[in-house]
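S.K.: Kindly return the folded structure for what I paste below:
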Amino acid sequence: MKADRVATVSLLALLYGAQAWAGEADVLDVRAAPAPGGIYRFDVTVRHADEGWDHYADAYDIVAPDGTVLGTRILAHPHVDEQPFTRSLGGVRIPPNVTTVAVRAHDMVHGLGGRTQHIQLPERGK
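M.R.: Got it, this is the predicted structure:
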């Protein structure tokens, strides 16, 4: 009976540990392209060991230096067989006084916490 409990506890620990195995989502690269009117398009490369529908990178944010989230790209499905992957977000309005942004990724289990990229924005479109 005691061995059965140990086996059950070990199996639960293994299953719980497997759920968290993928770790946090990292932003590897960011490209920003200006358009007229202070609008930007961002091409963001994310790496995360997506495991399926219960644990995958599910979003990234464009963040101003004061912490204001300027745009969010929702990632609607796992990318188990496509790592790293690049997705775009257009139509992001950047205030005139903002010249740098941070880009951070989010995953379903850990939330925020992986590698963030900070970039200098290219000159604004006219």
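
S.K.: which intervals of this protein have sub-threshold pLDDT?
M.R.: Applying pLDDT under 70 to the chain picks out residues 1-22, 50-51, 80, 125-126.

S.K.: repeat that with 80
M.R.: In the predicted model, the chain carries pLDDT under 80 at residues 1-23, 49-52, 54-56, 78-83, 125-126.

S.K.: what's stretch 32-46 in contact with?
M.R.: 25-31, 57, 60, 62, 71, 73, 75, 84-96, 101, 103, 105, 119, 121-126 (CB atoms under 8 Å, 6 or more residues apart in numbering). No exception for glycine: its C-beta is placed from N, CA and C like everyone else's.

S.K.: for residue 49, helix, strand, or coil?
M.R.: Assigned with DSSP: H, G, I helix; E, B strand; the rest coil, residue 49 falls in the coil class.

S.K.: Who does the residue nearest the centre of the chain form a beta bridge with?
M.R.: For the chain, the residue sitting closest to the mean C-alpha position, by CA atoms, centre = their mean, is residue 105 at 1.8 Å. When bridges are called by DSSP bridges, residue 105 pairs up with residue 60.

S.K.: returning to that earlier point: for PyMOL, write the select line for the buried members of the contacts of stretch 32-46.
M.R.: In PyMOL, a selection of the buried entries from those looks like this (16 or more other CB atoms under 10 Å):
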select buried, resi 25+26+27+30+57+60+62+71+73+75+84+85+89+92+94+101+103+105+119
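
S.K.: Counting only strands, which of the contacts of stretch 32-46 make the cut?
M.R.: Members of the contacts of stretch 32-46 lying in strands (criterion: DSSP state E): 26-31, 57, 60, 62, 71, 73, 85-93, 101, 103, 105, 119.

S.K.: isn't residue 61 right up against residue 111?
M.R.: No: when contacts are counted by CB atoms under 8 Å, residue 61 is not listed as touching residue 111 (11.5 Å).

S.K.: Which residue of those two possesses the greater neighbour count?
M.R.: The neighbour comparison of residue 61 against residue 111 (other CB atoms under 10 Å) goes to residue 61, with 20 against 12.

S.K.: Now do the same contact list for that one.
M.R.: By CB under 8 Å, 6+ apart, the residues touching residue 61 are 69, 71, 72, 103, 104, 106.
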